[in-house]
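Chemist: just to be clear, the model below is a prediction. Sequence and coordinates:
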Amino acid sequence: MSTFGNVHGPVNTGSGNQFVAGRDQYLAGRDQHIGGAAPQLTQEIDRLREALDELRLTGAERKAAEARLDEAERALPDKAAAGSHLQRFAAGLRDAGALATAGTALVTSMRALGALVGLPLI
């Protein structure tokens, strides 16, 4: 068993997300990335995925919307590229008539994403 010093709180390691909480943190080494690719954008994209479940879409419309969200997430941290995919996502929902009946969760996430990428989505 290895000792990591004075470690408190949850420590998750392995593949996936890692969360580190605390006040003072010291890192040594090279090629370390903290926060991943635009964590706020990723969070809002996840919220959009959840909000899609509440929309009336055909199978093809839903598949296209999910593909646009996947493309936006893969484009991160390039906000301009992600924004372009998100604009196509919004246009697809608008063309499907889904924005007219969308709930506040979808609208709130789309506005937040628009602000984060610097583009109006709705």
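Modeler: Good, I have the coordinates. Numbers count the residues shown, from 1 in each chain.

Chemist: okay, buried residues for stretch 42-55 please.
Modeler: Neighbour counts using 16 or more other Cβ atoms under 10 Å place 42, 44-45, 47-48, 51-52, 55 of stretch 42-55 among the buried residues. Every residue, glycine included, has its C-beta placed from N, CA and C.

Chemist: where does the protein dip in pLDDT?
Modeler: 1-38 (pLDDT under 70).

Chemist: helices along that one, start to end?
Modeler: 39-52, 59-75, 79-95, 104-117 (DSSP state H).

Chemist: show me the contact partners of the first one.
Modeler: It refers to helix 39-52. Residues outside helix 39-52 that contact it (Cβ atoms under 8 Å, 6 or more residues apart in numbering) are 36, 62, 65-66, 69, 72-73, 76, 79, 82, 89, 102-103, 105-106, 108-110, 112-113, 116-117.

Chemist: so it versus helix 79-95, what angle?
Modeler: Per axes from the mean of the first three to the mean of the last three Cα atoms, to 10 degrees, the angle that helix 39-52 makes with helix 79-95 is 10 degrees.

Chemist: keeping just the C-alphas, turn helix 39-52 into CSV.
Modeler: C-alpha atoms of helix 39-52 as CSV (Å, rounded to 0.1, in the frame of the first residue of the first chain):
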residue,chain,number,x,y,z
PRO,A,39,-15.8,21.7,-17.8
GLN,A,40,-18.7,24.2,-17.8
LEU,A,41,-19.4,23.5,-21.5
THR,A,42,-19.3,19.7,-20.9
GLN,A,43,-21.7,20.1,-17.9
GLU,A,44,-24.2,22.1,-20.0
ILE,A,45,-23.9,19.7,-22.9
ASP,A,46,-24.8,16.9,-20.5
ARG,A,47,-27.8,18.9,-19.3
LEU,A,48,-28.9,19.3,-22.9
ARG,A,49,-28.7,15.5,-23.4
GLU,A,50,-31.0,15.0,-20.4
ALA,A,51,-33.4,17.7,-21.7
LEU,A,52,-33.6,15.9,-25.1
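
Chemist: what angle separates it from helix 59-75?
Modeler: Using the same axes, to 10 degrees: helix 39-52 against helix 59-75 is 170 degrees.

Chemist: nothing else from me, thank you.
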